[in-house]
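> pasted the sequence and its predicted model underneath.
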Amino acid sequence: MKVDHEPPRRLKRVIPIRVLIPNAITIAALCAGLTSVRLAIAGDFERAILAIVVAGVLDGIDGRVARLLKGASRFGAELDSLSDVTAFGVAPALVIYLWTLEQLPGAGWIVALAHAVCCALRLARFNANLDVTDQPHKKHGFLTGIPAPVGAGMTLSPMFLYYWLEPTRFAHYSEVGTVATAVVVGTVAFLMVSNLPTYSWKSVRIRPEYRLMALVGVALFAGALLSAPYMTLSLISVVYAATIPMAILSYRKVRRQVAAAANPDSGMELDTDAASAQPPSPDAP
């Protein structure tokens, strides 16, 4: 009688569809970012912008789909970061370089590299802090630095403005515009890796009585984006840039309120001294 010594077969691990769907959306965002590079090489910069915008939309919904389907995983989080580095770090850097920064020999490439590298560093910092509980900005509903998708949009904001103002009026993009673009790209790269607090839209809570108005606002925004994309994207970039100093002031105010709540006696004494030192202000808390 023969004895079968064949090892038992391992059961194949089946990946549920609820996990595959959000990862497929993330991969689609990665493909959109890479496609923008191909379009930029071909000189089709407007479609390159569109590809990065599509990548941003897909990146904004993959996490929500994962939570909705209960398909979130550490693999998906790592894949999302790799996709973000490509779609919002490498792709915008190459697009903006091919569009105008190549007119600055050496310096233009360094600025483009700065954007890609800072985006990678930001995402690496984010992943390293996933298990860190003591994050002051996050605890109070703020982000640290500007997110990678926002950084990509801010880097491309000179292109939004250029195409909004009808490029047929201009014979070429001036040298001053190229230098200004380099300054914008360098500033955005710094903001991505900075420790400055910025607003997190995930912490925004809409009251029930305002939800209908919020839906109307979303519909109007979608209509504006479809009918006048470059004007809408330009205004979004300007508005977001204006919120950065507001976020810094708001975070300081929150920290003061938390400190006053932790030490009510010292807070009352501080408020009394401040009131006696200067006239009351309508903006004072």
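Structure's in. What do you need?
> going forward, measure contacts between C-alpha atoms and count neighbours the same way
Noted.
> quick one: distance of stretch 86-103 to the chain centre.
Distance of stretch 86-103 from the chain centroid (C-alpha atoms, centre = their mean, to the nearest Å) equals 16 Å.
> can you give me the end-to-end span of it?
Using C-alpha to C-alpha, to the nearest Å, the end-to-end distance of stretch 86-103 comes out at 24 Å.
> number of nearby residues for A189?
Neighbour count for A189, taken as other C-alpha atoms under 10 Å: 29.
> so which bits of stretch 78-94 are buried?
Within stretch 78-94, the residues that count as buried by 16 or more other C-alpha atoms under 10 Å are 80-94.
> can you tell me which of those end up in helices?
Among the buried residues of stretch 78-94, the ones falling in helices (DSSP state H) are D80, S81, L82, S83, D84, A91, P92, A93, L94.
> all helices of the protein, in order?
Applying DSSP H to the chain gives helices spanning 17-41, 45-69, 74-84, 91-99, 107-128, 136-139, 148-155, 157-164, 175-193, 211-227, 229-262, 264-277.
> before we move on, back to that, save the ones in helices among the buried residues of stretch 78-94 as a markdown table, and put in distance to I206 and pLDDT too.
Shown next, in a markdown table, are these (distance: C-alpha to C-alpha, whole Å; pLDDT from 0 to 100):
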| residue | distance to I206 | pLDDT |
| --- | --- | --- |
| D80 | 27 | 91 |
| S81 | 29 | 91 |
| L82 | 32 | 93 |
| S83 | 30 | 94 |
| D84 | 28 | 94 |
| A91 | 34 | 96 |
| P92 | 33 | 97 |
| A93 | 35 | 97 |
| L94 | 38 | 97 |
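> and the residues you listed as a markdown table, adding distance to R122?
Listed next are those as a markdown table, based on distance: C-alpha to C-alpha, whole Å:
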| residue | distance to R122 |
| --- | --- |
| D80 | 13 |
| S81 | 10 |
| L82 | 12 |
| S83 | 13 |
| D84 | 10 |
| A91 | 16 |
| P92 | 15 |
| A93 | 15 |
| L94 | 18 |
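> pick out the most distant pair among those.
D80 and L94 (20.2 Å; C-alpha to C-alpha).
> tell me the contacts of L82?
If a contact means C-alpha atoms under 8 Å, 6 or more residues apart in numbering, then L82 has no contacts.
> what about it, distance to N195?
Relative to N195, and taking C-alpha to C-alpha, L82 is found at 22 Å.
> residues touching the residue lying closest to I146 once chain neighbours are set aside, list them.
Spatial nearest neighbour of I146, chain neighbours left out: M192 (4.9 Å); criterion: C-alpha to C-alpha, 6 or more residues apart in numbering. Neighbouring residues of M192 by C-alpha under 8 Å, 6+ apart: C118, C119, R122, G145, I146, P147, A148, G151.
> could I get the pLDDT score of the fourth one?
At G145 the predicted local distance difference test score is 89.
> distance of it relative to R125?
11 Å.
> okay, the two: which has more neighbours?
Shown here are G145 and R125; by other C-alpha under 10 Å, G145 has more neighbours (22 against 13).
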